[in-house]
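Participant: fold the stuff below for me.
(one chain, ligands or ions: 3)
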Amino acid sequence: MTTASRVLVLNSGSSSVKYQLLDMAGPTRLAAGLVERIGEGTSRLVHEPLAGPAAGGGRRERTGAIGDHREALEAVAAELAADGTGLDSPELAAVGHRVVHGGTRFTEPTVIDDEVLAEIRSLIPLAPLHNPANVTGIEVARALRADVPQVAVFDTAFHATMPEHAARYAIDAATADRYAIRRYGFHGTSHAYVSRAAAKLLGRPVADVNVIVLHLGNGASASAVRGGVCVETSMGLTPLEGLVMGTRSGDLDPAVVFHLARVGGLSVDEIDSLLNKKSGLLGLCGDNDMREVLRRAGDGDESARLAFAAYVHRLKKYVGAYTAVLGRVDALVFTAGVGENAHQVRQAVVDGLAGLGLAVDPQANAVRSPEPRVVSPAGARVAVAVVPTDEELEIARQAYALVAR
Ligand SMILES: Nc1ncnc2c1ncn2[C@@H]1O[C@H](COP(=O)(O)OP(=O)(O)O)[C@@H](O)[C@H]1O
Ligand SMILES: CC(=O)OP(=O)(O)O
Ligand SMILES: [Mg+2]
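Facilitator: Ligands and ions are numbered 1, 2, ... in the order given. Purely as a prediction, here's the structure:
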């Protein structure tokens with residue numbers, strides 16, 4: 001029996017690492033931080049001790065090139081060590097890793113051994129922007145602390161309950177099976193956490209509520225959750241399908257790819273990069289950050305207005321579709337960077353959808369708060385809510401539940 005109760009959570013993205021150190025006895029957040037723009041000259045690390053030996057020490061920030069994820073994670077380990085809460089601590093019970101793609105095999109949190117790591121590596125072609133960084137995180141943490149369990153928590157896991165008719169693409173079945181082509185869905189940790197928190201906010205049992213969750217960050221996805229079980233989501237084989245995102249196109253006619261190859265002469269890798277990194281808001285107006293898009297649109301910039309309108313139009317289509325999938329919707333929930341902060345997006349998505357029971361109260365919608373809150377008018381048929389996501393806490397809970405039993 002161990003008394004170690006700390007969990008370090010690493011959420012490695014394509015060019016960033018978000019991390020938190022939690023004491024699960026509370027749970028108490030001991031430290032949180034972020035390394036961004038990894039691989040660029042202007043990298044930035046922000047570290048904040050929040051509780052424990054270094055509490056009150058204040059936020060520390062350092063800028064300057066951080067070449068790759070390995071270097072970033074070593075810098076994170078050094079910051080934690082400087083607080084007296086390093087990876088060498090006997091209190092560390094587990095390291096929880098966000099792993100974006102779990103394929104068909106991983107639908108539960110999993111303790112990582114060599115074989116599991118090899119399998120995560122083999123899924124890189126299905127999540128080329130994400131799984132490589134996840135693998136590096138695992139390698140670095142293991143090298144620093146081989147005796148502590150490393151636990152993978154998969155973005156795809158929550159969506160594994162999707163019925164076959166939602167998960168299947170309508171393509172030749174033998175080809176689909178041979179190449180494991182199906183809709184997996186992502187951001188599952190967030191969709192799970194937020195749909196549960198929404199039920200709590202409404203004061204109703206999770207099993208009784210039907211929720212549409214809109215996770216709008218850099219990557220963005222929608223999900224339909226019936227009684228706590230995911231029945232549909234907008235991302236597919238990879239995190240490219242679905243909504244208009246910061247740099248990703250979301251849905252398009254697959255023939256666009258053939259056309260670009262045949263008529264445009266682009267290679268498969270060039271098309272991949274175009275659709276994943278140079279499309280979405282960035283492709284439409286030159287900015288991928290919603291704050292910038294809103295500012296420019298407010299100044300009357302036509303391409304920013306178009307980008308905003310296209311972003312919102314896609315969201316409306318998904319809200320309508322998921323209303324049909326669920327039959328009855330109790331709450332529409334906004335989360336992640338854009339969903340939590342951009343009241344303009346929330347307002348625009350429900351505009352004209354009174355027929356679906358959707359509306360926001362402009363005053364409630366304009367409030368800025370880190371707390372979960374309802375922003376629809378009193379008595380509305382469907383509650384519209386803002387629920388801040390906490391992928392790190394959810395990953396820590398799942399990792400700790402696995403190692404502490
Ligand atoms: N105040 C705000 N208003 C509008 N958008 C915001 C605001 N704050 C953050 N965002 C948007 O949130 C996005 C990042 O969301 P986040 O959930 O942190 O993404 P990720 O975890 O995918 O990196 C950025 O595109 C940014 O534009
Ligand atoms: C899966 C995915 O799109 O993740 P992120 O939003 O972190 O890029
Ligand atoms: Mg995110």
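Participant: backbone torsions only: list them for the residue of the stretch 151-300 of the chain at minimum distance from ligand 2.
Facilitator: Per CB to the nearest ligand atom, residue 219 is where the stretch 151-300 of the chain lies closest to ligand 2, at 2.3 Å. (Glycine included, C-beta is placed from N, CA and C.) With angles defined as degrees, to the nearest 10, residue 219 shows backbone torsions of phi -80, psi 150.
Participant: same deal with residue 238?
Facilitator: The phi/psi pair for residue 238 (degrees, to the nearest 10) reads phi -130, psi 170.
Participant: for the longest helix along the chain, packing partners?
Facilitator: The longest helix of the chain (DSSP state H) is helix 302-326. When contacts are defined as 3 or more CB pairs under 8 Å, 6 or more residues apart in numbering; DSSP states H and E, helix 302-326 sits against strand 210-216, strand 220-226, strand 229-233, helix 280-285, helix 290-298, helix 343-350.
Participant: pairing partners for residue 151 in the sheet, please.
Facilitator: Taking DSSP bridges, one finds residue 96, residue 111 as the beta-bridge partners of residue 151.
Participant: OK, contacts around it?
Facilitator: Residue 151 makes contact with 94, 95, 96, 97, 109, 110, 111, 112, 398, 399, 402, 403, according to CB atoms under 8 Å, 6 or more residues apart in numbering.
Participant: which ChimeraX command selects the buried ones in those residues?
Facilitator: Applying 16 or more other CB atoms under 10 Å to the contacts of residue 151 leaves a buried subset, and the ChimeraX line that selects it is:
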select :94,95,96,97,109,110,112,398,399,402,403
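Participant: from the contacts of residue 151, which is closest to residue 321?
Facilitator: The shortest gap between residue 321 and any of these belongs to residue 398, at 29.4 Å (CB to CB).
Participant: neighbouring contacts of the helix or strand where the closest one lies?
Facilitator: Assessed by DSSP states H and E, residue 398 sits inside helix 391-403. Residues outside helix 391-403 that contact it (CB under 8 Å, 6+ apart) are 5, 7, 9, 11, 18-20, 22, 24, 27, 29, 32, 93-98, 109-111, 149, 151, 153, 189-190, 192-193.
Participant: and these, which of them are in helices?
Facilitator: Per DSSP H, helices hold the following members of the contacts of helix 391-403: 189, 190, 192, 193.
Participant: does the closest residue to the third one other than its chain neighbours count as helix, strand or coil?
Facilitator: Counting by CB to CB, 6 or more residues apart in numbering, residue 158 is the residue found nearest to residue 192 once chain neighbours are left out, at 4.4 Å. Per DSSP: H, G, I helix; E, B strand; the rest coil, the secondary structure class of residue 158 is helix.
Participant: skipping adjacent residues, who's closest to the residue of the stretch 251-400 of the chain found nearest ligand 2 in space?
Facilitator: Among all residues of the stretch 251-400 of the chain, residue 336 sits closest to ligand 2, at 7.6 Å; criterion: CB to the nearest ligand atom. For residue 336, ignoring the flanking residues on the chain, the nearest one in space by CB to CB, 6+ apart is residue 217 at 3.7 Å.
Participant: which residues are in contact with that neighbour?
Facilitator: 187, 336, 337, 338, 339.
Participant: quick revisit: closest one of the contacts of residue 151 to residue 68?
Facilitator: Using CB to CB, those come closest to residue 68 at residue 97, 16.9 Å.
Participant: my guess is that closest one contacts residue 10. True?
Facilitator: Yes. Residue 97 lies in contact with residue 10 (CB atoms under 8 Å); the separation is 5.3 Å.
Participant: which neighbours do these two share?
Facilitator: 137, 141.
Participant: okay, and whichever residue of the chain sits closest to ligand 1 sits in which element?
Facilitator: Closest contact between the chain and ligand 1, by CB to the nearest ligand atom, is at residue 337 (2.0 Å). Element membership for residue 337 (DSSP H and E) is helix 336-341.
Participant: from the chain's centre, how far out does that helix sit?
Facilitator: 11 Å (CA atoms, centre = their mean, to the nearest Å).
Participant: domains in the chain, as residue ranges please.
Facilitator: 6-154, 204-391 (automatic domain parsing).
Participant: show the model's pLDDT score for the nearest residue to residue 69 once chain neighbours are set aside.
Facilitator: Using CB to CB, 6+ apart and skipping the chain neighbours, the partner closest in space to residue 69 is residue 136 (4.1 Å). Looking at residue 136, its pLDDT stands at 93.
Participant: alright, calling it a day.
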